Every structure is written in structure tokens, then in C-alpha cells.
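Visitor: What follows is a predicted protein model with its sequence.
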Amino acid sequence: MVDGKGKRVLFKTARDFLMELRQTYGTDVAEIDRLRSYLNVSLLILDDVGRDRPTEWVLNTYWSIFDTCMSNQVPVIVTTNKIVEAGPNVDCLEYRIGTGAYSRLLSICEHKVIHLDGPDLR
């Protein structure tokens, strides 16, 4: 997607983002190359972060995503229905994406979290 100023914006559900990276297995495209091409944007928006089971691959991939964004100064917006606080609770975002990714995400967002509460409209 391109905004009105010609800047590239990527909006994906976190699950789609992870699935597309996972599809690089068994192809000539390296996962890191696909990740870099996705993150060559002015803004990354990931929806429903923390939904997937926190396997080692998922935790490492979230770390790579947010580390790359932090290194390249790419702003990130995420949505989640997980609790945005540190802790070992399975409903906490840190548990679902990993401590390193969680730390990088908060750094990118300058620890600015907007909490919205309301009924599920799906």
C-alpha cells in the first residue's frame, strides 16, 4: 500500500506475515531476504500480534521483525488483544512474542501504549 505522499505502508495480520515468511522454506528465497523486502517500508502495521502459539520460531521471528524495524527506524503500529505488560502470564504480550521482541517493540513505540476497551465487534 502507498499513502498519499508516495510512502510505502505495509498492513498485514501478524498471522499472514508469519505464514508468508514460513512459506520461504524449501524455496530459493531466504527468509531474511523476504523479511527485508517486507520491511523496506515507511510504516509497518501488524494486526493481532501475539495470537500465534509462541514457538521458538515465532519468538525468533518477532525478534527479527522488531529488531530490523528498530535498526532501520521503521515506525510500527501493532494491535493485540493481549495484556501489554511484562510477565509470564500466557495472556501477556511479552510471553506471546518473547522478551527481546517485546523490549524492542516498546523501544520503537517509545513505550507509548494506547489501551482501548470495548466489546468485540467481529
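Guide: That came through, no problem. Residues are numbered from 1 along each chain as shown.
Visitor: K12: which element?
Guide: Here K12 sits within strand 9-13, counting by DSSP states H and E.
Visitor: avg pLDDT for that strand?
Guide: The predicted model assigns strand 9-13 a mean pLDDT of 95.
Visitor: Quick one: list the elements packing against that strand.
Guide: Secondary structure elements in contact with strand 9-13, counted by 3 or more C-beta pairs under 8 Å, 6 or more residues apart in numbering; DSSP states H and E, are strand 43-47. All C-beta spots, glycine's among them, are computed from the backbone N, C-alpha and C.
Visitor: circling back to that earlier point, taking their axis directions, the strand holding K12 and strand 43-47 sit at what angle?
Guide: Using axes from the mean of the first three to the mean of the last three C-alpha atoms, to 10 degrees, one finds that strand 9-13 and strand 43-47 are set 10 degrees apart in direction.
Visitor: buried stuff in stretch 47-56?
Guide: 47-50, 52 (16 or more other C-beta atoms under 10 Å).
Visitor: and of the residues you listed, the nearest to G26?
Guide: Distance to G26 across the buried residues of stretch 47-56 (C-beta to C-beta) is lowest for D52, with 20.5 Å.
Visitor: Helix or strand: which one has the nearest residue to that closest one once chain neighbours are set aside?
Guide: Sequence neighbours aside, V58 is the residue nearest to D52 in space, at 5.2 Å (criterion: C-beta to C-beta, 6 or more residues apart in numbering). If you go by DSSP H and E, V58 is part of helix 56-71.
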